[in-house]
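> Just a sequence and a predicted model for now, questions to come.
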Amino acid sequence: MLIQPGKLLSKIDSPDDLKKLDQADLVQVCDELRQFIVDNVSVYGGHFGASLGVVELTVALHYVFNTPTDQLTWDVGHQAYGHKILTGRRDTFHTNRIYKGLSGFPKRKESEYDAFGVGHSSTSISAALGMAMANQYKKDDRHHIAVIGDGAMTGGLAFEAMNHAGVSNSNLLIILNDNCMSIDPNVGALKDYLTDVTTSYTYNKVKDDVWRLLSKFSKFGKSAQEIISKVENSMKTMLLKQSNLFESLNLRYFGPVDGHDVHHLTSVMTDLMNIPGPKILHCVTVKGKGYKPAEEGNATTWHAPGKFDKVTGEVFKKVIDKPEAPKYQDVFGHTLVELAEKNDKIMGVTPAMPSGSSMNIMMKAMPDRAFDVGIAEQHAVTFSAGLATQGLIPFCNIYSTFMQRAYDQVIHDACIQNLPVNFFLDRAGFAGADGPTHHGAYDIAYMRCIPNMIIAAPMNEAELRNLMYTAQLPREGESFTVRYPRGQGVMPEWRTQMEKVTIGTGRKIADGKDVAVLTIGHIGNYVTKVREQLSKEGLAPAHYDMRFVKPLDEELLHDIFRNFKKVVTVEDGCVMGGFGSAILEFMADNNYIAQIKRLGIPDAIIEHGTQEQLHAECNFDEAGIANAVRELMGVKVAKTQHASN
């Protein structure tokens, strides 16, 4: 079903069309844009609250600035739905986050209006500053705007960029979209600071006059600008209870302003275009603005609610007619509390993903033992290492894709010091519709090269519980990484008795002949069905769940290579340097000779789609595994959509 846009929106194929409208029409454009987002997301799903909250801001930006010549970056990218719709993607917006359709985030190769691709937070200021400095060097006069959500402002990268921007004299405008939310409510001192700024009555009473004066005097030259700037800084410092954080970084601060008043926003932005140097505009918005259930309901739910009834606000839930396996994240959350009730040394840590990782279960049950540290993965890891030095047992839960941001801390602060930090990596493998910025493709490869690191992946919920139980037992000091995928497991009855797993041991799942299939993690469940299918063809591969990538079960591998000359490895991670590479290294180091077929994520950027679609694209779905066995056995395989790795 193709959603029809409103009267004015239907005529906007680019920002140039938007600029042809009278400013008085912008309110209607905002209403139609907001409704178009509601109509589409309710039917097709996707991110929701964040884009509704920046509708007026988006319209004002494209009305005032000359995009794409003026370069606009979004942070985080799930704010950018309105931006996509106004920049030529309205008629294809229904394909958003669908396989082979539009990306759910800004993407450079998708549109010239997407100045910088973004899925991870806190990148916008660095990127926009780099663009600004490059164009300053080239004497190319452009404006550069970074729209950063206040949740993203807690990321250290944002502060590093502002520190540089303050001495850059660049043509950079930072727009702080302050709605007190990332996916979950914001935490930390920055949230309290922004609240102080937005509620300072005296300060807000005079701020408009200050920046209008600065704008008017800027045409009289540098000396006049310096005088006005000094007066401005003195007034702001006196009127606030404390010195302005942004002003102390040499960023001219303007605001806060109502982020839902499109007329005032256009006026303010027009003024700011004439003020030289790096500056920040503080806009106060409401996540989910204009859709009552999202404004008044649970903001975390309405971040990405899935399909829903746009009239009643009822979020559609899958009809369950039989017991269903839980999500791995929920097994983690409940099991962590179960373990912590018996072991008072266990502590939980997550960087701004308490709901996504189900750490919120422990935060509710034991608020003094579970920490949301904000969008700060590096801090989460080193904070966990600090806990470990004092004899506590940290369970640091981070999405696999976000752990990439804390790699140095894993090495420098945990493994070099041989500290027993437990890293539980959610969303390992393909993340689905969130696409390549969120795929957890690389964790096996980048973790297994680090000394003092154990790496494991459970094939099912019972195995996850056993690995969690094992991780909280005393050990020599190595860090322990456990990875598991987004989505459901395979065991409706998942509350099994927990048992210790001997570190570095795998297990034989099924006997077989001719071919051994070695798997790591949840993806091994495909092989059970593959064996049933192949048995009808007279093929009977053996199946081994290796369970640990590091250390490998060498005793089991010696047995495998003594008995099989044909081996298939399967992983939902990158094949370069991953699990299959570890098996090849073992074979070479021990002078075995065998024919090995590695299945996994190839050396390519894989776009978005369902996990099943992406497994098929990369040839490690059931059909791909079956074909790999057939090929090793010399059975002719019919050509399909599967391309060889």
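Cool, the structure landed.

> Helix, strand, or coil at I455?
The local conformation at I455, judged by DSSP: H, G, I helix; E, B strand; the rest coil, is strand.

> quick one: pLDDT of S248?
Predicted confidence (pLDDT) for S248: 85.

> Confirm it sits in a helix?
Yes. Under three-state DSSP, S248 sits within a helix.

> With only the CA atoms kept, save the longest strand anywhere in the chain in PDB.
Among the segments of the chain that qualify as a strand by DSSP state E, the longest is strand 566-574. Extracted in PDB, the C-alpha atoms of strand 566-574 (Å, rounded to 0.1, in the frame of the first residue of the first chain):
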ATOM      1  CA  LYS A 566      36.000 -32.800   4.400                       C
ATOM      2  CA  VAL A 567      35.000 -30.100   6.800                       C
ATOM      3  CA  VAL A 568      32.400 -27.200   6.600                       C
ATOM      4  CA  THR A 569      32.700 -24.400   9.200                       C
ATOM      5  CA  VAL A 570      29.700 -22.100   9.800                       C
ATOM      6  CA  GLU A 571      29.600 -18.800  11.700                       C
ATOM      7  CA  ASP A 572      27.500 -15.700  11.700                       C
ATOM      8  CA  GLY A 573      30.600 -13.500  11.700                       C
ATOM      9  CA  CYS A 574      33.200 -12.400   9.200                       C
END
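
> Would you verify that I148 is located in a strand?
Yes. Checked against three-state DSSP, I148 lies within a strand.

> pretty sure it contacts T123?
No. Between I148 and T123 no contact is recorded; they are 9.1 Å apart, counting by C-beta atoms under 8 Å. In this view, the C-beta of every residue, glycine as well, is placed from N, C-alpha and C.

> where do the contact lists of those two overlap?
Each of D75 lies in contact with both I148 and T123 under the rule C-beta atoms under 8 Å, 6 or more residues apart in numbering.

> out of those two, which sits in the busier spot?
The neighbour count for I148 versus T123, taken as other C-beta atoms under 10 Å, is higher for I148 (28 against 24).

> Show me the helices in the stretch 51-200 of the chain, by range?
Along the stretch 51-200 of the chain, counting by DSSP state H, counting those that start in this stretch, helices occupy 55-64, 81-84, 124-137, 156-165, 189-198.

> worst average pLDDT in those?
Sorting the helices of the stretch 51-200 of the chain by mean pLDDT places helix 189-198 lowest, at a mean of 59.

> Tell me where the stretch 151-300 of the chain has strands.
172-178, 252-258, 279-284 (DSSP state E, counting those that start in this stretch).

> On the pLDDT front, check A152 for me.
pLDDT, A152: 88.

> meant to ask about T505, not that
98.

> Am I right that it is in a helix?
No. Assigned with three-state DSSP, T505 falls outside any helix and is coil.

> Tell me how many other residues surround the closest residue to it other than its chain neighbours.
Of all residues not flanking T505 in the chain, D553 sits nearest, at 5.1 Å (C-beta to C-beta, 6 or more residues apart in numbering). D553 has 20 neighbours, counted by other C-beta under 10 Å.

> Now for the protein, the helix or strand with the poorest mean pLDDT.
helix 201-217 (a mean of 53; mean pLDDT, DSSP states H and E).

> Just name whatever secondary elements the longest strand of the chain is in contact with.
Counting contacts by 3 or more C-beta pairs under 8 Å, 6 or more residues apart in numbering; DSSP states H and E, strand 566-574 is packed against helix 443-448, strand 516-519, helix 579-589, strand 595-601, helix 622-632.

> Each with direction, which strands does it pair with?
Here strand 566-574 is paired, per DSSP bridges, with strand 516-519 (parallel), strand 595-601 (parallel).

> and the last one, how far out from the chain's middle?
When you say that, I think you mean strand 595-601. From the chain centre to the centre of strand 595-601 is a distance of 28 Å (C-alpha atoms, centre = their mean, to the nearest Å).

> what residues does it touch?
Here strand 595-601 has contacts from 429-430, 439, 441, 565-575, 578-581, 583-584, 587, 618-620, 624-625, 628, 631-632, 645, using C-beta under 8 Å, 6+ apart.

> Now the helix or strand following it: buried residues?
Downstream of strand 595-601, the first helix or strand assigned by DSSP states H and E is helix 611-617. Across helix 611-617, burial judged by 16 or more other C-beta atoms under 10 Å covers 611, 613-617.

> what's the closest of those residues to I398?
Of all the buried residues of helix 611-617, Q611 has the smallest distance to I398: 19.7 Å, by C-beta to C-beta.

> Need the pLDDT of that closest one.
Per the predicted model, pLDDT is 97 at Q611.

> Next: Y253.
Y253 is assigned a predicted lDDT (pLDDT) of 89.

> In contact with it: list those residues for me.
236, 244, 246-247, 279-280, 282.

> so which of those residues is the most crowded?
Counting by other C-beta under 10 Å, top hit in these: I280 with 25 neighbours.

> Enumerate every residue touching that residue.
173-176, 246, 251-255.

> TSV please, covering these and showing distance to K100.
Converted to TSV, these look like this (distance: C-beta to C-beta, whole Å):
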residue	distance to K100
L173	35
I174	35
I175	32
L176	35
F246	42
L251	41
R252	44
Y253	44
F254	42
G255	41
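
> Can you tell me which of these comes closest to D511?
Nearest to D511 among those is L176, at 61.3 Å by C-beta to C-beta.

> what number of residues lie near the closest one?
Neighbourhood size, L176 [other C-beta under 10 Å]: 25.

> confidence score at it?
Looking at L176, its pLDDT is 94.

> Also T401?
So T401 comes in at 97 (pLDDT).

> now the one 4 residues further on
Looking at R405, its pLDDT stands at 97.

> Based on its surroundings, how many neighbours for the nearest residue to D91 once chain neighbours are set aside?
Among residues not flanking D91 along the chain, L2 sits closest, at 7.9 Å (C-beta to C-beta, 6+ apart). By the criterion of other C-beta under 10 Å, L2 has 9 neighbours.

> I figured L2 hits H94, correct?
Yes. With contact defined as C-beta under 8 Å, L2 counts as touching H94 (6.2 Å).

> Quick check, pLDDT for the nearest residue to F316 once chain neighbours are set aside.
Nearest residue to F316 in three dimensions, chain neighbours excluded: K307, at 4.8 Å (C-beta to C-beta, 6+ apart). According to the prediction, K307 has pLDDT 93.

> Tell me which residues touch K307, please.
Contacts of K307 by C-beta under 8 Å, 6+ apart are 42-45, 315-316.

> Throw those residues into a markdown table and include secondary structure, pLDDT and neighbour count, thanks.
A markdown table is the format used below for these (DSSP: H, G, I helix; E, B strand; the rest coil; pLDDT from 0 to 100; neighbours: other C-beta atoms under 10 Å):
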| residue | secondary structure | pLDDT | neighbour count |
| --- | --- | --- | --- |
| S42 | helix | 95 | 22 |
| V43 | helix | 94 | 15 |
| Y44 | helix | 94 | 18 |
| G45 | coil | 93 | 19 |
| V315 | strand | 91 | 15 |
| F316 | coil | 90 | 12 |
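
> In those residues, find the pair that's most separated.
Farthest-apart pair in these is Y44 and V315; separation 14.0 Å (C-beta to C-beta).

> same question for stretch 24-41, mean pLDDT?
On average, the pLDDT along stretch 24-41 is 97.

> List the buried residues of it.
Buried positions in stretch 24-41, judged by neighbour count with 16+ other C-beta under 10 Å: 26, 29-30, 32-41.

> Same check on stretch 458-476?
458-472.

> P551 - how many residues pack around it?
Taking other C-beta under 10 Å as the criterion, the count of residues near P551 is 16.

> Once you drop chain neighbours, what's closest to it?
Nearest to P551 is G504, by C-beta to C-beta, 6+ apart, at 3.8 Å.
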